[in-house]
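Q: next input, structure requested:
(one chain, ligands or ions: 1)
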Amino acid sequence: MNQTPYILVLFYSRHGSVNEMAKHIARGVNKVNDIEVKIRQVPDVSDSTKVASPAIPEEGAPYCTLDELAECTGLAIGSPSYFGSMAAPLKHFIDQTSTLWLTGRLIDKPACGFTSASTMHGGQEQCIHSMMTPLLHHGMVWVGLPYRNKELINTATGGTPYGASHLANNTNETTLTEDEKALCEAQGKRIAEFALQLKK
Ligand SMILES: Cc1cc2nc3c(=O)[nH]c(=O)nc-3n(C[C@H](O)[C@H](O)[C@H](O)COP(=O)(O)O)c2cc1C
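A: You can find the predicted model right below:
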């Protein structure tokens, strides 16, 4: 049975900002007909041993399986900016995708990235780039945010042409500004539209 195409919104979030962005990206996906959305998170990693997290997270979205990644029609991937790069739990998940790479399961599917950071110039764009690199190895097609989204010009907080972002400041503010919300939703809508166009 053919399943309905879906956008996988896959993320890691420790304090909730990226989690909040994921919801708005999903709202953008929902504006497009004939495609669904799955929101999934990745478990934390242990700093000392290979401890498995409980199979069901205590809160929030279910943990993502490799099958859910393999079978998506498009991907929106999000991480907090950690030292200008994606957070280790997300990289750890990606580093388990060799079988998908070997079998070319993600080739020609669209992907986009989003991030949250505590400072304006603390590496938001670089973090999004860090998520783009392994997905290009997978043969995915990167989808950014064009400047026809006027919020990109007007925003005084997050928002980049490489992907949506949120400025959380050093208070870990999880509430998005109206511009940040609009850009997340525009990104969700755009990845859904591309996914349907590229779908084989
Ligand atoms: C280990 C670590 C590294 C961080 N590095 C940066 C950084 O390089 N630039 C920045 O602006 N914020 C940095 N932050 C702040 C987070 O990016 C920010 O709090 C983000 O909003 C957290 O997202 P979350 O609420 O989804 O967990 C760092 C936080 C941690 C814990």
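
Q: need the pLDDT of the closest residue to the ligand within the chain.
A: Residue of the chain nearest the ligand, by CB to the nearest ligand atom: G122 (2.5 Å). Just so you know, the C-beta spots here come from the backbone N, C-alpha and C atoms, and that holds for glycine as well. G122 carries a pLDDT score of 96 in this model.

Q: and for I56?
A: pLDDT, read off for I56, is 85.

Q: surely T119 is within a helix?
A: No - counting by DSSP: H, G, I helix; E, B strand; the rest coil, T119 is not part of a helix but coil.

Q: thinking again about what came up before, could you measure the closest residue to the residue of the chain closest to the ligand other than its chain neighbours against K91, distance?
A: In space, and not counting its chain neighbours, G122 is closest to S81: 6.2 Å by CB to CB, 6 or more residues apart in numbering. Plainly put, S81 is 13 Å away from K91 if you go by CB to CB, to the nearest Å.

Q: these two - which one has more neighbours?
A: S81 (25 against 18; other CB atoms under 10 Å).

Q: burial of the residue of the chain closest to the ligand, as a residue count?
A: G122: 14 neighbours (other CB under 10 Å).

Q: wait, isn't it in contact with G84?
A: Yes - under the criterion of CB atoms under 8 Å, G122 makes contact with G84 at 7.2 Å.

Q: okay, the residue nearest to G122: pLDDT?
A: So, for S81, pLDDT stands at 98.

Q: let me see the contact set for it.
A: T115, S116, A117, G122, G123, Q124, Q126, C127 (CB atoms under 8 Å, 6 or more residues apart in numbering).

Q: try 7 Å
A: Contacts of S81 were listed using CB atoms under 7 Å, 6 or more residues apart in numbering, and they are T115, S116, A117, G122, G123, Q124, C127.

Q: give me the buried subset of these.
A: Buried by 16 or more other CB atoms under 10 Å: T115, S116, A117, G123, Q124, C127, out of those.

Q: from C112, how far out is the fourth one?
A: Put plainly, it is G123. Taking CB to CB, one finds G123 at 18 Å from C112.

Q: what's around S165, how many residues?
A: Neighbours around S165, by other CB under 10 Å: 30.

Q: can you name the residues bridging to it?
A: T115 (DSSP bridges).

Q: what does this protein put close to the ligand?
A: Contact residues, the chain versus the ligand (CB under 6 Å from any ligand atom): 13-19, 80-84, 116-119, 122-123, 168, 172.

Q: how about 8 Å then?
A: Contact residues, the chain versus the ligand (CB under 8 Å from any ligand atom): 11-21, 78-85, 87, 115-124, 127, 166, 168, 170, 172, 174.
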